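Enquirer: generate coordinates for the sequence data below:
(chains A and B)
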Amino acid sequence: MGVLRTYLLRWQRKRWLIRAFRKRRELARRSDRTKAIGAGDVLLFATLRNERIRLPYFLKYYRDLGIGHFLIVDNGSDDGSAEYLSDQPDVSVWHSSRSYRRSRFGIDWMNWLLRKYGHGHWTLTVDVDEFFIYPFCDTRPITALTDWLDASSIKSFGTMMLDMYPKGPISNHRYGEGQNPFDIAKWFDSGNYSIARNKTFGNLWIQGGPRARMFLSDKPERAPALNKLPLVKWDRSYAFVSSTHMLLPRGLNLVYDEFGGEKASGILLHAKFLDTMTDKAREEVGRGEHFANSTEYRAYHARLKNDPDLWCKWSEKYINWRQLEILGLMSKGNWA
Amino acid sequence: MTVGFVMMCHDALDRAAQVAGHWASHGCPVVIHVDRRVSRARNEALVRALAGHDNVSFCARHTCEWGTWSLVAAAQTGAARMLAEYPEVRHVCLASGSCLPLRPMAELKDYLATRPDTNFIESVTTEDVPWTVGGLDSERFTLRFPFSWKRHRRLFDGYVRLQRALGYKRRVPAGIEPHMGSQWWCLTRQTLAAILSDPRRAAFDRYFKRVWIPDESYFQTLVRLHSNQVESRSLTLSKFDFQGKPHIFYDDHLQMLRRSDCFMARKIWPRATRLYDNFLSGGLADQNRAEPNPGKIDRIFAKAIERRTRGRAGLYMSSRFPKPGWENGKTCAPYSVFEGFGDLFEGFESWLHKATGARVHGHLYATDRARFTDRQKIYAGALPDDAGLRDYNPHAFLTNLIWNTRGERQCFLHGPRDVQKIGDFLADDPNAQISVISGAWAVPLFRAKGDFSDIRKEAARLQQIESKHLESLRRITVNARVRIWTMADFVDSPMEPLQTIIDEIGPRTPRRLTEAPQMVDLTGFGQFLQNLKNQGMQPYLMGDFPSGDVVDAPLPELRKPYLVK
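Expert: So this is what the prediction gives:
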């Protein structure tokens, strides 16, 4: 890491922060309860659009983990998501009707809210279909994890996103409001991930899973990145670079051990492949508001029309975090 | 006669109050030292919470910082107060605000009453401790440490380096030999009083003020001066991770802590409500009571350290991605690679599976797709057979396969017709057992029909690839278990090499090979090679085949088995 590289990254970080500052105007306060945030609260940040049906379970899941306050940007929902969120006592909502893509897929908005409200807090930045799993999450609240990370002087906690899918064609199962999505999408690929190191930002680049296997085998390099850094002890000088895959300063990306050991890490269970997604995919292709000109979405869309079955006989059925640990998808590290 | 507790608090004061109240109400005097950095309001709240107990007192406050003398000073102040104020105390325990008693106070009192003169303090010499962090063990006592490790790390490190470079050494005061150990001790009144009223105490204090982490060495060293009855272990169960930070106990450790039979544990997570409720409830009396036995907890924490420092061999994941050379096992289990065998023998895969019980794949790195066993489209771990995905990261493909099939030996075929990107990885991997029959790639060419000039071109190409591959397998740095035979040698006596390979693979051994794999008919192979030569191509990897048809079909007679063992 030369001095020049470090300097350029510093400028890049400043640029993202300035950009976030400019984009703050696109956010209109809808219901601001941020005064209720307590000093030690773990905060959750999310951007969403038309996710009304998922919200009740999403909020319940993260309340049970011990999240103190939710800070959510509603990107022009017309299905009542915003109204529902505004009624929740521990949720603050911002509204934006501006382009998701031009806010770099919501990350500029997130960077702004994180800078404004996240400083000094542990922050969890996720999508509404991502469910955070960490070691001992069935017996210890998330504050046990963040206290331990604080005591160990660790500032960011790495995860891999695990795509979950149902058995049989996706449209075979109807997802109902308030339901645990993993009652339906309870299967996953346990061992087909490929990892490379990103030299510039120091993070790992993980690809694979059912999306690569089913939709992108001819273009493996286009397969979506699965490495995520959702849990960060935020400082106002930090900035997400690209989704929650990478952060600056780059030291925060070193959530993996390079000398053979295992650091503690978690999983983001990804409940994307539900029957709600076929409509969603159609809408997203129409809007062209997703990554890489929606190549990802176009490829899905083409295949989703055939209502694919991602399940195979080697698919693993989800039980709990210990199973994911044994399979080597996450690790307790030295937390015991 | 009873036991008294000196309690050092700096945060989670509500829990400290709960524990101190528990001790006090069971007739154990408590002297509390509150870090001066704690705000007055919080300190007063603590005082108020314990106001109902007449055997709880608060000593003068010091500003405490980890690794510095201040902690020893606080302990001294508290201990002196304890000795002066509570004459009925025979043993004094040093505890922290995040300690939790695991057994009823009566049992601790009984335990100490039957050992009235024993000092429980971990105290070992520097040569004997494996757990010092940062390479400072004996140097803790011979260098000076005026700078804070927490706040001025660079100054701290720089000053250590400077002293090393200058060869500076402090003199240890005469008569003491430095010992170290856990800072949570339980000393007798007699010993403690002797330490605190030692005529040379001022000199000792002056010396230890500049020792690194003196709270782990002050009492541990001086106890050796004043007592012969030292039981070198702590009554407080306290475990440290590889960075020297204490492990924390949570609600889910409840059963383990109960079974440990230790008297106290630290450090407890302040919000571990179940632990506090259970162990302070008083309903603990009727359990079997043995000597403290933290074996199981020890194992769990030892495993945690092992996992953090060594990790699981052959695993690549989001929090373990070793640099080249640091993998501690590039793959997670031994596997076998067979080159040329598939060309020379008919049905080699099924034969090998029968002979060894191992999982046998075809050419995993074939150009069109990965040939899994039974030609499955997807294999263990949902690993697809797609060549594009495989070649996008050929190493990950192999490490994934071996990881996904832990507990089952994997074998696969390889050869110069396959994608070659994995070759160097195989050669570097100590888990790889590679057996090569060089030149056997010529057999399918020999059996093929077609334009001979195409065959000749193909033979030249394959020979070049294999020769390069063999070169890499013969490098001095190779870690794999490599065996190479020329085809001529192998055909001459196939059973012995086969037996050797299979013995090495198998849990099924000792077992003799009864059935040999069916070798393809090589009649005319010598002539085929001669034809290649006549076309100007020199096939040399297969060894010397006479141009006539000397190779008798299919196999020489089975030899008498030799005895392994």
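Enquirer: and the longest helix seen in chain A, what other elements does it pack with?
Expert: Longest helix of chain A, by residue count under DSSP state H: helix A:3-23. If contacts are counted by 3 or more Cβ pairs under 8 Å, 6 or more residues apart in numbering or on different chains; DSSP states H and E, helix A:3-23 sits against helix A:107-113, strand A:239-242, strand A:246-248. (Glycine included, C-beta is placed from N, CA and C.)
Enquirer: tabulate those in TSV, adding columns for mean neighbour count.
Expert: Formatted as TSV, the helices and strands packed on helix A:3-23 follow (neighbours: other Cβ atoms under 10 Å in any protein chain shown):
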stretch	mean neighbour count
helix A:107-113	25
strand A:239-242	21
strand A:246-248	23
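Enquirer: if we can go back for a sec, which residues belonging to the longest helix of chain A are considered buried?
Expert: Using 16 or more other Cβ atoms under 10 Å in any protein chain shown as the test for burial, helix A:3-23 gives A:L9, A:Q12, A:R13, A:W16, A:L17, A:R19, A:A20, A:K23.
Enquirer: now render these as a markdown table, adding distance to B:V491 and pLDDT.
Expert: A markdown table is the format used below for these (distance: Cβ to Cβ, whole Å; pLDDT from 0 to 100):
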| residue | distance to B:V491 | pLDDT |
| --- | --- | --- |
| A:L9 | 61 | 90 |
| A:Q12 | 63 | 91 |
| A:R13 | 66 | 91 |
| A:W16 | 66 | 90 |
| A:L17 | 71 | 90 |
| A:R19 | 70 | 89 |
| A:A20 | 71 | 87 |
| A:K23 | 73 | 85 |
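Enquirer: need the nearest residue in space to A:V255, chain neighbours excluded.
Expert: A:G158 (3.0 Å; Cβ to Cβ, 6 or more residues apart in numbering or on different chains).
Enquirer: that neighbour belongs to a strand, doesn't it?
Expert: Yes: under DSSP: H, G, I helix; E, B strand; the rest coil, A:G158 sits within a strand.
Enquirer: what pLDDT is listed against it?
Expert: For A:G158, the model assigns a pLDDT of 94.
Enquirer: hang on, the earlier thing: chain B: which of the helices and strands packed on helix A:3-23 is closest?
Expert: Chain B lies closest, by Cβ to the nearest Cβ, to one member of the helices and strands packed on helix A:3-23: strand A:246-248, at 13.3 Å.
Enquirer: and the closest residue in space to B:A387 that isn't next to it in sequence, what does it touch?
Expert: Leaving aside its sequence neighbours, B:A387 sits nearest to B:R369 (Cβ to Cβ, 6+ apart; 5.0 Å). Each residue near B:R369 by Cβ atoms under 8 Å, 6 or more residues apart in numbering or on different chains is listed here: B:D385, B:D386, B:A387, B:R390.
Enquirer: same thing with B:Q420?
Expert: Shown in contact with B:Q420 (Cβ under 8 Å, 6+ apart): B:Y365, B:I465, B:H469.
Enquirer: can you confirm the last one is in a helix?
Expert: The reference is to B:H469. Yes: with three-state DSSP as the criterion, B:H469 is located in a helix.
Enquirer: roughly how far does it sit from B:Q420?
Expert: 7 Å (Cβ to Cβ, to the nearest Å).
Enquirer: quick one: name the residues of the stretch 201-336 of chain A near chain B.
Expert: Neighbours of chain B within the stretch 201-336 of chain A, by Cβ under 8 Å from any Cβ of the partner chain: A:204, A:206-208, A:210, A:212-213, A:217-221, A:227, A:255-265, A:312-316, A:328-336.
Enquirer: same thing but 7 Å
Expert: Within the stretch 201-336 of chain A, the positions lying close to chain B (Cβ under 7 Å from any Cβ of the partner chain) are A:204, A:206, A:212-213, A:217-218, A:220-221, A:227, A:255-265, A:312, A:314-315, A:328-329, A:331-336.
Enquirer: buried subset of these as a ChimeraX selection?
Expert: Buried members of those, defined by 16+ other Cβ under 10 Å, are picked up in ChimeraX with:
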select /A:204,206,212,213,217,220,227,255,256,257,260,261,262,263,264,265,312,314,315,328,329,331,332,333,334,335,336
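Enquirer: host element of the residue of the stretch 51-200 of chain A found nearest chain B?
Expert: Across the stretch 51-200 of chain A, no residue is closer to chain B than A:G191, which sits at 2.4 Å (Cβ to the nearest Cβ). For A:G191, there is no enclosing helix or strand under DSSP states H and E.
Enquirer: which residues does stretch B:475-485 contact?
Expert: B:426-430, B:432-438, B:470, B:473, B:497 (Cβ atoms under 7 Å, 6 or more residues apart in numbering or on different chains).
Enquirer: just the ones of those residues in strands?
Expert: In this view, the contacts of stretch B:475-485 that belong to strands under DSSP state E are B:A432, B:Q433, B:I434, B:S435, B:V436, B:I437, B:S438.
Enquirer: near B:S57, how many other residues are there?
Expert: Using other Cβ atoms under 10 Å in any protein chain shown, the number of residues around B:S57 comes to 17.
Enquirer: which SSE is the nearest residue to it once chain neighbours are set aside in?
Expert: Leaving out its chain neighbours, the residue that sits closest to B:S57 by Cβ to Cβ, 6+ apart is B:V31, at 5.5 Å. With secondary structure defined by DSSP H and E, B:V31 is part of strand B:30-34.
Enquirer: list the helices and strands that strand packs on?
Expert: strand B:2-9, helix B:13-25, strand B:56-58, helix B:70-85 (3 or more Cβ pairs under 7 Å, 6 or more residues apart in numbering or on different chains; DSSP states H and E).
Enquirer: okay, those in TSV with mean pLDDT next?
Expert: Formatted as TSV, the helices and strands packed on strand B:30-34 follow (pLDDT from 0 to 100):
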stretch	mean pLDDT
strand B:2-9	93
helix B:13-25	93
strand B:56-58	93
helix B:70-85	93
